[in-house]
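Visitor: Requesting a structural model of the entry that follows:
(2 chains)
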Amino acid sequence: MIRLAAVIRRLLLCMAVCAGLVAAPAVAQIVPAPQETEAPTDAGNASPNDIRELMRLLADPQIQNWLEEAAGPSEELTANAAKASFRQIIETRLAAFGERVESLGLAWKIIPRVPEVLGAHWESQLSPAQKVRSLTYLLTFLVIGFGLEWLYRRYLDMALLRIELAPKEAPLQKLAGAASRAAIILGGLLVFAIGSIGTFEMFHWPPLVAAVVLDFLTLVLVVRAILTLSLFVQAPFAPELRLVPYGTPVAKHLHRLLCVLSVSVGLAVVLSFLLARMSAFQDMAADLQAVVLAQSVMLAGVILLVAWGCIWIGFRRVPRLTETPCNPSVTRFWRNYALVSVGAAFGFWLIGAFAMMWTLVIVGLAVPGLRLLAAWIDHFFDQSTAALHEQHEAEAAAELAAFEAAEAARQAEVAQEGETQDSALAVEPPAAPEFHDPYATTRPIVKRAARFVLLIAAVLALASVWGVNILSLSEDRSMAGRALEVLVDSFVALLFADLVWTWAKTVIDKRIADYEPPVDGQAPGPEARMITLLPLLRTILMVTLLTMVGLSVLTALGVNIAPLLAGAGILGIAIGFGTQSLVRDIVAGIFFLIDDAFRLGEYIEVGDLVGTVESISIRSMRIRHHRGKVHTVPYGELKSLTNHSRDWVIMKLEFRVPFDTDLMLVKKLVKKVGAELKANEHYGPSILSTLKSQGVRRMEEFNMVVGVKFMTKPGEQWLVRRDAYQKVRDIFEANGIRMAERNVKVEIAGGDQLDPDTQKAVAGAAQDAIDKPAGPPKPVPDEP
Amino acid sequence: MSEAPPEPVNLTGVRRGLMIGSGLVLFAFITCHLVNLALGLHSVALMDQWRWVLSGLWTGPVMRIVLAVALLVHFISALVSIYLRNTLRIPAYDMAQLVAGILIVPLLAPHVFGIMAYPALGLVATYDLVLRFFWTLSPVDGLRQVVLLVVVWLHGTIGVYTWLRSRDGSARTLRVFYPVVVIVPVIALLGYVEAGRQVIPLAEGGTGYVMADDPNGAGPKVSPETARQIVTAAKRNGRVAGQVSLVLVVLAFAARAVRIAVQDKGRVQVNYLGRRKAAFAGQSGQTLLEMARLNDIPHANVCRGRGRCGTCRVRVLKGEDHLPPPDARERKVLDHWNAGPRERLACQLHPQDGFLEVERVVQPDYSDLDYAQTRARGGQVAGETS
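Guide: Coordinates of the predicted model:
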């Protein structure tokens, strides 16, 4: 079990080390080696038995815990050291640098002797029999691992083949396929690991042999894991599952390069581990340290050459293999960039500036990584949209085809019946619906989120390189620690705010862009309310985010923001009291909008003001009367509000007809007019319930009042009313129904004998008599 | 075998039959040998106890001849099949089998000649003795043995696996075959390692396994001078045998290169219709399956182009006139599948110059391959005819 823990630890270390391996600046891999190789120098003249005992103790978890606890104070010591004066720091650094240069010089001198010294140590460590046995064991465990994996694959090969060959249209399908394939392959890898390392664990080995065999098994595992990642992304042998936008030749080429790179780097790392282990089991000879360094330098040099070679070949071959032309200057730039950063990383490693080297590696990876990530996400979404577009077009084409077939059938029918060609042509083909990209809002968010994750990962990696624990930064009081903390905190806050802002802005902008203002005369839809609220929300969000980021940056800087907050609070109260009505207006406005009491373009009535809502601001709204007057009403003033533009409107009309009118005829005629109105091509569709007679509503002195009513969508009633009046009047007249008129019948006994002048005078007197009680004329009803 | 076959195509069939037969004999021997090794997991004594059954029977006077003939036949037919290879861009299994096959003789020869030297020295090749030799006296040879074991097993397994898989109703056999194929070398290797751990401490001055009544207790029965000569001769023979085999393989490759260089190179334009449409150009002389493979066109092939499984069948839609008629073996496989008149095996079809339009009968993901249905169909047809 102890050894299993050691295996896992080593695996994790190797994975962490090799994580940076996918791209060019892989020289860094060698770093852990010298650090480990330097450790045993303290062993002094201890006997092999002592060392073995020490190793056993070190492997004990309890001892490890104790060591970790004991290491606590030493960390404090280093923290104290960090507080030492700047000059001291510089001096220490320079001294370390000088020492490094010195040892490098020694290593350089010793290089010709390296094979000889190594050979001697190797011989003294392991007898030939032991060496061969190590290899035998290694081979055995590899066979067991591969055998079990093969067995596992037997049962999943068909599924894998199906996944690889099934045609995939949308990138999401591809992603799912690639992920399931990677899961199957990784499952195989797991079986391999369990089979090889598991059986290895079942035996007891001499410690050095165990370490060596385990190192190589881990190497195989890590290299295979990296290649699996490459298979997942590039899928060089399954074009259907490829997630990257290039062809099979490029994918195969890159896969091969990656294979060479990871194997050589992994081998170099394992070899330096091997040397470190060997010296750990050895009475340290004086020159061994120099030899170790020399060997590390040589291995690092080999890695440098391999990395340079891979970069050079890759940048040379890939443009030739791609179908799309590459800009040669861009290619040259990135090639030189990769070559220079690899070289610089090697240089930093050589002079012992490991933190600088790692920084260079991380930054050097992050810069092209960000661009590649963005390009890849773009490609992914482009593909998705293209797939959807294709599907959409196919559907539209199918619909059109179906329509054409139906049309042809109809035409044939019409031709058989011998009707005119005009009616056959009357039907228009269905308009293809417009294509909307459903990923328009998702794309920027995903891009930002991916960038966010990458940057955070880079920051974490950088922090761990510089030995800074981000979570316990606040305990570090040194200048550099403070500065770093401020930087990290501000950066993270900014990234978060940026992520939230991008998301909100995209969603809001998309909604605003999608809004179609109502056509003149039509009632606006419910979306109009959101159009009012969204810009407001956006502004509020921006202000909030800016405030929060500002405050967190201030906190990070060490400014105590509590007084600031308190001051802001007091100021807020003061301003609040001062601008009570303003606040009331704003809050009331928000609630009116949430209540959906009115929308842009609606005809409303507020108190004695009527008009169309023309604009809605944060504090007030503007109503335009239909005669052009503009009223500005603060929301706080609104007590109740009448909306004339909601859902439906009923309009009742009255006609006065003489008592002798045939009511059945009236009913029939009104019904006919109703049908005519409904058939009107302009406002017909807006009529919800057409004109119908309600019979006699009441009897008056000289006539009956016939009521009619109709229901329309809001805003349409005026037009319908106008036509209804006109048509009813016309049809009544055509059918001999008179509208009742106010007439006075003056009966005078023996009036027949009166001469015309007298008759006129009498009529005039009677007219005056009935006009008087009529009173003043009523106001003309409003109509927009 | 004695009289020349009437058609050269039948020669291929005979060669394949010989290859499979001799291969199976060798595979049976290897399996027994490995099982014997696996007994080392228990003890070296047990290995020696079962030696006469698991290894002794094979090295008897008759079986020794059989094994030698099988090895020779297998090697020669392998050389012929190297010569006949149209392309070296072959599937991973075939490549592994090829490389392993080439390595076998150089790795095996020292072991064979070494074991054969034991009787001459008047020694019995007990596991006790041989393991001591491999683990302590000459660890490099021990390592070579391990490599040999892996290589031989890989080669043999791929061969048997391919042979089994292309047979109808092999699913049940394979269900047993898969675990056995993994377990046998694993326990053999573990047995070898464990036996080594039993014999090593003695050589290093500790206490370890000592054989109860060792037939070799008295040491070699010949004079040291003769013994040295015998050992040297065995080593030399092993080396020479390995070198000769490598030279033969190189010659086979050279002959193949010459054959390909001299054959006329025509271009064939091939169109795949149906699902997964594809169009590509190939070189005449290659089979249709090889052309598809070279162009990364997915194509079903269970037996990887050996003309046995019938899953690479294609329906020829255009360009049938240029095609040579199916030979007897292809005819047999096609009949077995009740193939239609225009159906051919892609792995046996050598399109000449011109244009070919085909359609896959079995999809490359085998989604429409159904052995049970095929048999039912065959039974039905048989019922109708009888």
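Visitor: ranges for the helices of the stretch 101-250 of chain B?
Guide: B:127-132, B:139-165, B:171-203, B:224-262 (DSSP state H, counting those that start in this stretch).
Visitor: Reformat these as TSV; add distance to chain A and mean pLDDT.
Guide: All C-beta spots, glycine's among them, are computed from the backbone N, C-alpha and C. Below are these laid out as TSV (distance: least, C-beta to the nearest C-beta, whole Å; pLDDT from 0 to 100):
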stretch	distance to chain A	mean pLDDT
helix B:127-132	11	86
helix B:139-165	3	89
helix B:171-203	4	84
helix B:224-262	18	92
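Visitor: Pairing partners for residue B:315 in the sheet, please.
Guide: residue B:343, residue B:359 (DSSP bridges).
Visitor: How about residue 151: what's its closest non-neighbour residue?
Guide: Picking chain A for this. Closest residue to residue A:151 apart from its sequence neighbours, by C-beta to C-beta, 6 or more residues apart in numbering or on different chains: residue B:182 at 4.8 Å.
Visitor: wait, chain B
Guide: Nearest in space to residue B:151, with sequence neighbours left out and distances taken as C-beta to C-beta, 6+ apart, is residue B:100 at 4.6 Å.
Visitor: Name the helix or strand for the one you found, please.
Guide: helix B:92-120 (DSSP states H and E).
Visitor: same deal with residue A:689?
Guide: Taking DSSP H and E as the criterion, residue A:689 maps to strand A:687-699.
Visitor: Could you list the buried residues of that strand?
Guide: A:687, A:690, A:691, A:692, A:693 (16 or more other C-beta atoms under 10 Å in any protein chain shown).
Visitor: And stretch B:37-54, end to end?
Guide: 10 Å (C-alpha to C-alpha, to the nearest Å).
Visitor: anything in it near chain A?
Guide: No - using C-beta under 8 Å from any C-beta of the partner chain, stretch B:37-54 stays clear of chain A, with a minimum separation of 11.4 Å.
Visitor: What residues sit buried inside that stretch?
Guide: B:37-41, B:44-48, B:50-51, B:54.
Visitor: what sits against residue B:258?
Guide: Residue B:258 makes no contacts at all, as judged by C-beta atoms under 8 Å, 6 or more residues apart in numbering or on different chains.
Visitor: repeat that with 10 Å
Guide: residue B:83 (C-beta atoms under 10 Å, 6 or more residues apart in numbering or on different chains).
Visitor: Roughly how far does it sit from residue B:251?
Guide: Distance, residue B:258 to residue B:251, by C-beta to C-beta, to the nearest Å: 10 Å.
Visitor: Grab the CA positions of stretch B:344-354 and hand them over as CSV.
Guide: Only the C-alpha atoms of stretch B:344-354 are listed here, as CSV (Å, rounded to 0.1, in the frame of the first residue of the first chain):
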residue,chain,number,x,y,z
ARG,B,344,-16.8,-9.8,-55.4
LEU,B,345,-14.3,-10.0,-52.6
ALA,B,346,-12.4,-6.7,-52.4
CYS,B,347,-9.4,-8.4,-51.0
GLN,B,348,-9.1,-10.7,-54.0
LEU,B,349,-10.1,-8.2,-56.7
HIS,B,350,-7.3,-6.9,-58.8
PRO,B,351,-8.8,-4.1,-60.8
GLN,B,352,-7.0,-3.4,-64.1
ASP,B,353,-6.7,0.0,-65.7
GLY,B,354,-9.8,2.0,-66.0
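Visitor: could you pull out the strands for chain A?
Guide: Using DSSP state E, the strands of chain A run over A:603-606, A:609-616, A:620-624, A:630-634, A:642-643, A:649-657, A:687-699, A:704-712.
Visitor: Make CSV from these and add mean pLDDT and distance to residue B:189 to it.
Guide: Below are these laid out as CSV (pLDDT from 0 to 100; distance: least, C-beta to C-beta, whole Å):
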stretch, mean pLDDT, distance to residue B:189
strand A:603-606, 89, 90
strand A:609-616, 86, 82
strand A:620-624, 88, 87
strand A:630-634, 91, 90
strand A:642-643, 88, 87
strand A:649-657, 89, 92
strand A:687-699, 89, 88
strand A:704-712, 91, 91
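Visitor: Of all these, which one comes closest to chain B?
Guide: strand A:687-699 (54.1 Å; C-beta to the nearest C-beta).
Visitor: May I have the strands that pair with that closest one, each with its orientation?
Guide: Strand A:687-699 is paired, per DSSP bridges, with strand A:704-712 (antiparallel).
Visitor: Please name the residues that touch the closest residue to chain B within chain A.
Guide: Among residues of chain A, the one nearest chain B by C-beta to the nearest C-beta turns out to be residue A:132. It sits 3.3 Å away. Contact analysis of residue A:132 by C-beta under 10 Å, 6+ apart lists A:126, B:134, B:135, B:138, B:139, B:140, B:141, B:142, B:143, B:144, B:146.
Visitor: And the buried ones among these, selectable in PyMOL?
Guide: Buried residues among the contacts of residue A:132 (16+ other C-beta under 10 Å), as a PyMOL selection:
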select buried, (chain A and resi 126) or (chain B and resi 134+135+138+139+141+142+143+144+146)
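Visitor: And the contacts of residue A:132, which two are furthest apart?
Guide: Maximum pairwise distance among the contacts of residue A:132 (C-beta to C-beta): 18.6 Å, between A:126 and B:144.
Visitor: ok so, going back, most packed of the helices of the stretch 101-250 of chain B?
Guide: With neighbours defined as mean count of other C-beta atoms under 10 Å in any protein chain shown, these peak in mean count at helix B:127-132, which reaches a mean of 22.
Visitor: Which other helices and strands does that helix contact?
Guide: If you count contacts as 3 or more C-beta pairs under 10 Å, 6 or more residues apart in numbering or on different chains; DSSP states H and E, helix B:127-132 packs onto helix B:8-38, helix B:44-49, helix B:92-120, helix B:139-165, helix B:171-203.
Visitor: the helices in the stretch 251-386 of chain B, which residues?
Guide: B:288-294, B:328-336, B:371-385.
Visitor: and chain A, what are its domains?
Guide: What automatic domain parsing lists as the domains of chain A is A:26-55+A:99-352, A:649-743.
Visitor: which of those has the lowest average pLDDT?
Guide: Note on the domains of chain A: lowest mean pLDDT is at domain A:26-55+A:99-352, with a mean of 79.
Visitor: How about the contacts made by residue B:309?
Guide: Counting by C-beta under 10 Å, 6+ apart, residue B:309 has contacts B:162, B:165-168, B:170, B:300-303, B:333, B:337, B:345, B:347, B:362, B:369.
Visitor: Need the per-residue pLDDT for it.
Guide: Confidence for residue B:309, expressed as pLDDT, is 81.
Visitor: next one: residue A:556
Guide: 78.
Visitor: Could you do the one 5 residues further on as well?
Guide: The pLDDT attached to residue A:561 in the predicted structure is 82.
Visitor: Burial check on it, number of neighbours?
Guide: 15 (other C-beta atoms under 10 Å in any protein chain shown).
Visitor: thought it was touching residue A:569?
Guide: No - Residue A:561 lies out of contact with residue A:569 (C-beta atoms under 10 Å); the separation is 11.8 Å.
Visitor: still on that earlier bit, now for the domains of chain A, which one comes closest to residue B:200?
Guide: Of all those, domain A:26-55+A:99-352 sits nearest to residue B:200, with 7.6 Å by C-beta to C-beta.
Visitor: quick revisit: farthest pair in the buried residues of strand A:687-699?
Guide: A:687 and A:693 (15.7 Å).
Visitor: quick one on the thing from earlier: residue A:106 is nearest to which of the helices of the stretch 101-250 of chain B?
Guide: helix B:139-165 (35.7 Å).
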